[in-house]
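Peer 1: Got a sequence here, can you build the structure:
(2 chains)
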Amino acid sequence: MTNSVDEFELSDCIFITGSNTTSSHPIVATRILRAKKKGAKIIVADPRRVHIADLADLYVSHRLGTDVALLNGIMYVILDKGWENRAFIEERTEGFEEFEKVIKDYPPEKVAEITGVAEKDIETIAHWYATAERGSIAYCMGITQHTTGVDNVKTLANLAMLTGHIGREGTGVNPLRGQNNVQGACDMGGLPNVYPGYQPVTQFQIKEKFESAWGAQLSDKVGLTIPEMTSGLLEGSMKAVYIVGENPLLSDPDASHVEEALKRAELVVVQDIFMTPTAELAHVILPAACFAEKDGTVTNTERRVMRTRKALDPPGEAKTDWEIIADLSNRMGYPMDYSSAEEIMREIASLTPSYGGITYERLEGEGLQWPCPTKDHPGTRFLHKDRFVRGKGLFHAIEFKPPAESTDDEFPLWLTTGRLYFHFHTGTMTRKSGALTGEIDEQYVELNPEDASQLGISTGDEILLTSRRGQIRAKALVTDRMKKGEVFASFHFVESNANILTNPAFDPIVKIPEYKVCAVRVEKAAS
Amino acid sequence: MEFKTVLTVCPYCGCGCNFYLEVLDGKVIGTIPCKTSPVNEGKLCIKGWNVHEFIQDPDRLTMPLIRENGSFREAGWDEALDLVASKLKKIKEQHGPDSIGLFASAKITNEENYVIQKFARAVIGTNNVDHCARL
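Peer 2: Numbers count the residues shown, from 1 in each chain, chains lettered A, B, ... in the order given. Just a heads-up that it's a prediction; the model follows:
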């Protein structure tokens, strides 16, 4: 997030898109609802009428995969009415002329045609957001999990820059991160192209810095993303994968393809807390400590680095992930003799400029938000205050592109996926909780009443959901949260795994798969 | 009887709510939201309130397991890690470091992610390290 969670309360217009906030980030939703109580306008744009849409001042349901068109349409209106922030554009941005040319191509009548959103609603969104004193954008995987994920995010950044809603309290472009340390895993260089602190592996001076700190020769070749590793295993160029705390069999698109890839590997090591479906395919399984059994830090969605503390000993022989890896490293001839997580943090701080001022001592209390470059730096509540990281904010001229897959007679409906309030990700933790499984413990595919009646389906019926990649069986939930032609499934339930169906086509730049749109067919299952 | 509360961070979504785990005689028995956390100010969602239920589940993995003839058998750490080390070394020699990949994790600590990517880069010699940020 460019800004902090509590700053939502200071916004007077919050534009939520591609985020089922009350389900997936309930504590963020609380702040948004407090803002509403203080008079802020809440706008929700989402193909599925998620719960927070019921609480919004304006809700629009655009067609799946038409985000760029909708946002460009909103920006057309802003420019047409003269609601843009000229001073901000002139002082702090570049690339405006090219961008403006593209936007001229998205008048509301054309955008209404593409997205299914009424022209007057496009105008209202433009009016409320652009003329707000402090406008804030909240988004989640509904924006990013598309073949146009990067385009979608850049278009949101365009919208914030066009109106000057960035670099101040209560504004910003705020991705809500979905896992407790997904921010930290990125910050720590758990990515194929960067070292900790987003320092590129391809830059000579950076490589030299890490070579000298680590006493090892390093590669300057960008590595593979998870979907690329899967393809590598299938082609035979990859031979081994070592998987820590991930369950790709459920979380990755086109699950049968992932299963085949893992079966072909010469070595699969899984280090986890439970016997996950992925672990079932491993050659060696290593028992790990869970969050309650170790000291360390995690970094939340607002870049806040916080201490986690050991409350219990791990069960049986289980050990912390860092102890296991360090032990393995010693056996492979590279000594790692850390005595505590705190010692590792000292090494991180010495090599990662944005974490340079972070120490365990300073994290007592509220934690610290990075960038925190020095020991006396207070941390950073919101980014881009007087300048952007690159200097001037760059407008990107972005055209709308449709999703990778199309519907046809055989697969006439669109499927989108997401989480439910009661469960988390692949369900390995939440499905162990009686309180949560008591609420819901099976897959319900949501479909619109009109589609349901055409197919002769009622709530509770067993149905088959089929895409070009596979088929699952589930129960039906007939609901007007879905519009005609679109259905929803969660990915929490291994026995009815939505990711058997999803499309592995990915964004060409960041390689994120298009989980949010694929073509399917629904039919009543033979009983 | 020994009772303690330990302040930590929720393992689920990216909000990062702080809570105290209640531990009685080595058993985790409950969750209390932290009122002074600037993130959650004493609130939790239903997943956070019930987080203690999975921690000591009987299905937790407790021993290293090695696949043999299609099923798993328990092993000690020395045997399991020596096996992994020798296989990784052999694959690296035969097919090069880029034939090996590591999945870091969005559910473990910063320190652990740091160590994993360092292992991939400095020990294996590859940048094939990723996690499920996109997934």
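Peer 1: what ranges do the strands span in chain B?
Peer 2: Taking DSSP state E as the criterion, chain B carries its strands at B:3-9, B:18-24, B:27-33, B:65-68, B:71-74, B:100-103, B:129-130.
Peer 1: Would you mind pulling up the elements that the worst-scoring helix or strand of chain A on mean pLDDT packs against?
Peer 2: The weakest-scoring helix or strand in chain A, judged by mean pLDDT, DSSP states H and E, is helix A:248-251 (a mean of 86). Of the remaining helices and strands, those touching helix A:248-251 by 3 or more C-beta pairs under 8 Å, 6 or more residues apart in numbering or on different chains; DSSP states H and E are helix A:255-264. C-beta: built from backbone N, CA, C; applies to glycine.
Peer 1: What's the local residue count around the residue in the stretch 301-450 of chain A that chain B sits nearest to?
Peer 2: For the stretch 301-450 of chain A, the residue closest to chain B is residue A:316, as judged by C-beta to the nearest C-beta, at 2.6 Å. Other residues near residue A:316 number 13, with proximity taken as other C-beta atoms under 10 Å in any protein chain shown.
Peer 1: Which pLDDT does the model give it?
Peer 2: Per-residue confidence (pLDDT) for residue A:316: 98.
Peer 1: got a list of what the residue of chain B positioned farthest from its centre touches?
Peer 2: Here chain B reaches farthest from its C-alpha mean at residue B:94, the gap being 30.2 Å by C-alpha atoms, centre = their mean. Under the criterion of C-beta atoms under 8 Å, 6 or more residues apart in numbering or on different chains, the neighbours of residue B:94 are residue A:239.
Peer 1: Relative to residue A:526, how far out is the residue positioned nearest the centre of chain A?
Peer 2: Among the residues of chain A, the one closest to the centroid is residue A:141, at 4.3 Å (C-alpha atoms, centre = their mean). According to C-beta to C-beta, to the nearest Å, residue A:141 stands 34 Å off from residue A:526.
Peer 1: Next: residue A:42.
Peer 2: Note on residue A:42: its distance to residue A:526, by C-beta to C-beta, is 45 Å.
Peer 1: just the CA coordinates of the longest helix along chain B, formatted as PDB?
Peer 2: Secondary structure assigned by DSSP state H gives helix B:77-95 as the longest helix of chain B. Taking C-alpha atoms only, helix B:77-95 is exported to PDB below (Å, rounded to 0.1, in the frame of the first residue of the first chain):
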ATOM      1  CA  TRP B  77      16.800 -35.300  10.500                       C
ATOM      2  CA  ASP B  78      20.300 -36.500   9.700                       C
ATOM      3  CA  GLU B  79      19.100 -39.100   7.200                       C
ATOM      4  CA  ALA B  80      16.500 -36.800   5.600                       C
ATOM      5  CA  LEU B  81      18.800 -33.800   5.300                       C
ATOM      6  CA  ASP B  82      21.700 -35.900   4.100                       C
ATOM      7  CA  LEU B  83      19.500 -37.400   1.400                       C
ATOM      8  CA  VAL B  84      18.200 -34.000   0.300                       C
ATOM      9  CA  ALA B  85      21.800 -32.500   0.300                       C
ATOM     10  CA  SER B  86      23.300 -35.400  -1.700                       C
ATOM     11  CA  LYS B  87      20.400 -35.300  -4.300                       C
ATOM     12  CA  LEU B  88      20.600 -31.500  -4.700                       C
ATOM     13  CA  LYS B  89      24.400 -31.700  -5.200                       C
ATOM     14  CA  LYS B  90      24.000 -34.500  -7.800                       C
ATOM     15  CA  ILE B  91      21.300 -32.700  -9.700                       C
ATOM     16  CA  LYS B  92      23.300 -29.400  -9.600                       C
ATOM     17  CA  GLU B  93      26.400 -31.200 -11.000                       C
ATOM     18  CA  GLN B  94      24.600 -33.100 -13.700                       C
ATOM     19  CA  HIS B  95      22.100 -30.500 -14.900                       C
END
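Peer 1: so who does residue 130 touch?
Peer 2: The chain I'm using is chain A. Counting by C-beta under 8 Å, 6+ apart, residue A:130 touches A:78, A:81, A:83-84, A:162-163.
Peer 1: other chain: chain B
Peer 2: A:190-192, A:223-226, A:229, B:101-104.
Peer 1: Most neighbours among the residues you listed, which one?
Peer 2: Using other C-beta under 10 Å as the neighbour test, the contacts of residue B:130 are led by residue B:104, with 33 neighbours.
Peer 1: Find me the pLDDT at that residue, would you?
Peer 2: Residue-level confidence at residue B:104 comes out at 96, pLDDT.
Peer 1: Leaving out chain neighbours, which residue sits closest to it?
Peer 2: Closest residue to residue B:104 apart from its sequence neighbours, by C-beta to C-beta, 6 or more residues apart in numbering or on different chains: residue A:190 at 3.3 Å.
Peer 1: That neighbour and residue B:115 touch, don't they?
Peer 2: No. With contact defined as C-beta atoms under 8 Å, residue A:190 does not count as touching residue B:115 (10.5 Å).
Peer 1: and for the two, which residues touch both?
Peer 2: Between them, residue A:190 and residue B:115 share no neighbouring residue, with contact defined by C-beta under 8 Å, 6+ apart.
Peer 1: does residue A:477 count as helix, strand or coil?
Peer 2: strand (DSSP: H, G, I helix; E, B strand; the rest coil).
Peer 1: For the most centrally placed residue in chain B, give me its contacts.
Peer 2: Closest residue to the average C-alpha location of chain B: residue B:108 at 4.6 Å, with C-alpha atoms, centre = their mean. Taking C-beta under 8 Å, 6+ apart as the contact definition, residue B:108 lies against A:181, A:185, A:244-245, A:288, A:296, A:321.
Peer 1: for residue A:133, same thing?
Peer 2: If a contact means C-beta under 8 Å, 6+ apart, then residue A:133 has residue A:12 as its contacts.
Peer 1: Give me the phi and psi for it.
Peer 2: For residue A:133, the backbone dihedrals (degrees, to the nearest 10) come out as phi -70, psi -50.
Peer 1: again with the one 5 residues further on
Peer 2: Geometry field for residue A:138 lists phi and psi as phi -120, psi 130, criterion degrees, to the nearest 10.
Peer 1: what bridges to it?
Peer 2: When bridges are called by DSSP bridges, residue A:138 pairs up with residue A:16, residue A:174.
Peer 1: Looks like it contacts residue A:35 (just checking).
Peer 2: No. Between residue A:138 and residue A:35 there is no contact, the gap being 10.7 Å when judged by C-beta under 8 Å.
Peer 1: and residue A:43, how many residues sit next to it?
Peer 2: Around residue A:43 sit 24 other residues, with neighbours defined as other C-beta under 10 Å.
Peer 1: next one: residue A:256
Peer 2: Counted with other C-beta under 10 Å, residues neighbouring residue A:256 total 13.
Peer 1: if I look at it, how far off is residue A:312?
Peer 2: 38 Å.
Peer 1: Residue B:17 now?
Peer 2: Taken as C-beta to C-beta, the spacing of residue B:17 relative to residue A:312 amounts to 19 Å.
Peer 1: ok, those two, which is more surrounded?
Peer 2: The residue with more neighbours, out of residue B:17 and residue A:312 and counting by other C-beta under 10 Å, is residue B:17; that gives 27 against 19.
Peer 1: shouldn't that one be in contact with residue B:43?
Peer 2: Yes. Using C-beta under 8 Å as the test, residue B:17 is close enough to residue B:43 to be in contact (7.4 Å).
Peer 1: For the stretch 51-200 of chain A, what lies in contact range of chain B?
Peer 2: Taking C-beta under 8 Å from any C-beta of the partner chain as the criterion, the stretch 51-200 of chain A approaches chain B at residues A:144-145, A:176-193, A:195-196.
Peer 1: and the contacts of residue A:130, which are buried?
Peer 2: Applying 16 or more other C-beta atoms under 10 Å in any protein chain shown to the contacts of residue A:130, the neighbour count classes A:78, A:83-84, A:162-163 as buried.
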